[in-house]
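A.B. asks: got a structure for you, letters missing:
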């Protein structure tokens, strides 16, 4: 049997790997959990391309050289013996017909500069979450026709990945959240999930490894065994579990209490709508609004339009909006009120107590499962809440960066801090009546009120 025939006959992909081999999108990611056969899938796909397309130029990257050597160079030297020539000086496999698989690593941020000006029809990034977003974008500039192929071919990039790592956010945005910006289009991105339970070889030959994954601590097990992208090292709200907290939408009953919470800034207006039954047995976030570059009058118009026909008990908003502004001597609340919003109340902006309250609601259970339920149309809240990380200085606080992740969670914090109860408190609710005039203008200097808080 010829070497190529022997190699091809030895490849026995399982279904997710077959899907990976067949995919032809411009960006294709595979894996999501430990033991899903990622390295095998990447090696086999690149070799099949090199054999199928004479002259194709392929680049395979890992984060460090030791990883590259153990996971790819050594296995490929065994696979390609008698098929391709390996040049150790340049770390590349040369195929008859001009095809080439070059192997490299990007251990430092600036290592991507060595590929500047080079062209590869195919680039593979193994363990993509170990690469930074800037390294990823630098390599996209190299993914183009190299001019040596005789057939039409769409340049493409392949990725294997697990949750976690420095590149977790960009991989999750593109392939899991499918949140696209600028020239990115959905049809260019394909994610093919695979777990250890898809790997026939490991299930048969190494069941101990499967049991090892099943024995991991709960949070790490969710990431490494189940492929849960909402869990990663340094995550602020490890209590968040999309499988529990994202719920099937339903029509809010007429007797449920409704209110809203808004975080405002010129960079983003974020508003959430909440509802809970009279017995307080659960709480749902059923609508969201997120829009940048709105002045307050525009924000008021948008929120009022989305609240049409609903009886909101109040709208709690960023406390700085209650202060007087120089423009016409009006406060932010004055402008919102003129825009048709009623029941305005300043939010409690005590951050750490507020985040503790969020944890209470995320942890709590009800007869319906999680006490706090979020409708799937609240995509931005579901996307950003699990992305919050710990502040490196104030260790109990959530980090303020990346700032784009903070707006919807801040609105959630405002909303939960406004409630006169905690989960499980089924006592008769006492209505919250706030005299804003007395609260902000009637207190003596130095007291916690408008005068004492905003005036020197």
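C.D. replies: Perfect, I can see it now. No experiment lies behind these values; they were computed from the predicted model shown.
A.B. asks: Wasn't residue 286 part of a strand?
C.D. replies: Yes - Residue 286 forms part of a strand when assessed by DSSP: H, G, I helix; E, B strand; the rest coil.
A.B. asks: Tell me how many other residues crowd it.
C.D. replies: A count of neighbours around residue 286, defined by other CB atoms under 10 Å, yields 20. No exception for glycine: its C-beta is placed from N, CA and C like everyone else's.
A.B. asks: show me what contacts it?
C.D. replies: 249, 252, 273-275, 375, 377-378 (CB atoms under 8 Å, 6 or more residues apart in numbering).
A.B. asks: pLDDT score for it?
C.D. replies: Residue 286 is assigned 98 on the pLDDT scale.
A.B. asks: separation between it and residue 342?
C.D. replies: 19 Å (CB to CB, to the nearest Å).
A.B. asks: can you check residue 308 too?
C.D. replies: Shown here: residue 308 relative to residue 342, a distance of 13 Å by CB to CB.
A.B. asks: the more surrounded of these two?
C.D. replies: Neighbours per residue, other CB under 10 Å: of residue 308 and residue 342, the larger number sits with residue 342, 12 against 6.
A.B. asks: Helix, strand, or coil at that one?
C.D. replies: coil.
A.B. asks: And it, how far from residue 153?
C.D. replies: In terms of CB to CB, residue 342 sits 61 Å off from residue 153.
A.B. asks: again, but for residue 66
C.D. replies: Residue 66 is 32 Å from residue 153, where distance means CB to CB.
A.B. asks: Likewise for residue 263?
C.D. replies: According to CB to CB, residue 263 stands 47 Å off from residue 153.
A.B. asks: So which bits of stretch 99-119 are buried?
C.D. replies: Neighbour counts over stretch 99-119 (16 or more other CB atoms under 10 Å) mark 99-106, 112, 115, 119 as buried.
A.B. asks: Which member of the residues you listed is positioned nearest residue 133?
C.D. replies: Distance ranking of the buried residues of stretch 99-119 against residue 133, using CB to CB, places residue 112 first at 11.4 Å.
A.B. asks: Which residue, neighbours along the chain excluded, lies closest to that closest one?
C.D. replies: The shortest distance from residue 112 to any non-neighbouring residue, by CB to CB, 6 or more residues apart in numbering, is to residue 138 (3.8 Å).
A.B. asks: What of residue 31?
C.D. replies: Counting by CB to CB, 6+ apart, residue 31 lies nearest to residue 38, which is 4.3 Å off, once chain neighbours are set aside.
A.B. asks: got a list of what that neighbour touches?
C.D. replies: The contact partners of residue 38, taken as CB under 8 Å, 6+ apart, are 30-31, 126-127, 160-162, 194.
A.B. asks: same question, residue 159
C.D. replies: Residue 159 neighbours (CB under 8 Å, 6+ apart): 27-30, 124-125, 128, 171, 175.
A.B. asks: Show me the beta-bridge partners of it.
C.D. replies: Beta-bridge partners for residue 159, by DSSP bridges, are residue 29, residue 125.
A.B. asks: next one: residue 284
C.D. replies: Beta-bridge partners, per DSSP bridges, of residue 284: residue 275, residue 373.
A.B. asks: So it sits against residue 373, correct?
C.D. replies: Yes - if you go by CB atoms under 8 Å, residue 284 and residue 373 touch, sitting 4.6 Å apart.
A.B. asks: what touches both of those two?
C.D. replies: Joint contacts of residue 284 and residue 373 (CB under 8 Å, 6+ apart) are residue 247.
A.B. asks: Who has more neighbours out of residue 66 and residue 153?
C.D. replies: Between residue 66 and residue 153, residue 153 has the larger neighbour count (other CB under 10 Å), namely 17 against 11.
A.B. asks: what about the more buried one, distance to residue 353?
C.D. replies: Counting by CB to CB, the separation of residue 153 from residue 353 is 58 Å.
A.B. asks: Same check on residue 299?
C.D. replies: Distance check for residue 299 against residue 353: by CB to CB, it reads 26 Å.
A.B. asks: Between the two, which is the more surrounded one?
C.D. replies: Shown here are residue 299 and residue 353; by other CB under 10 Å, residue 299 has more neighbours (24 against 12).
A.B. asks: Apart from its chain neighbours, what residue comes closest to that one?
C.D. replies: Nearest to residue 299 is residue 269, by CB to CB, 6+ apart, at 4.5 Å.
A.B. asks: contacting residues around the one you found?
C.D. replies: 262-263, 289-292, 294, 299, 302.
A.B. asks: which SSE is it in?
C.D. replies: strand 268-276 (DSSP states H and E).
A.B. asks: buried set for that strand?
C.D. replies: So strand 268-276, judged by 16+ other CB under 10 Å, has buried residues 268-276.
A.B. asks: could I get those residues as JSON lines with pLDDT?
C.D. replies: Formatted as JSON lines, those follow (pLDDT from 0 to 100):
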{"residue": "268", "pLDDT": "94"}
{"residue": "269", "pLDDT": "96"}
{"residue": "270", "pLDDT": "97"}
{"residue": "271", "pLDDT": "98"}
{"residue": "272", "pLDDT": "98"}
{"residue": "273", "pLDDT": "98"}
{"residue": "274", "pLDDT": "98"}
{"residue": "275", "pLDDT": "98"}
{"residue": "276", "pLDDT": "97"}
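A.B. asks: Columns distance to residue 386 on top of these, output as TSV?
C.D. replies: Putting the buried residues of strand 268-276 into TSV (distance: CB to CB, whole Å) gives the following:
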residue	distance to residue 386
268	18
269	22
270	16
271	20
272	16
273	20
274	19
275	22
276	23
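A.B. asks: any idea which of the contacts of residue 269 has the most stuff around it?
C.D. replies: residue 262 (26 neighbours).
A.B. asks: Ramachandran angles for it?
C.D. replies: Dihedral pair for residue 262: phi -130, psi 130, per degrees, to the nearest 10.
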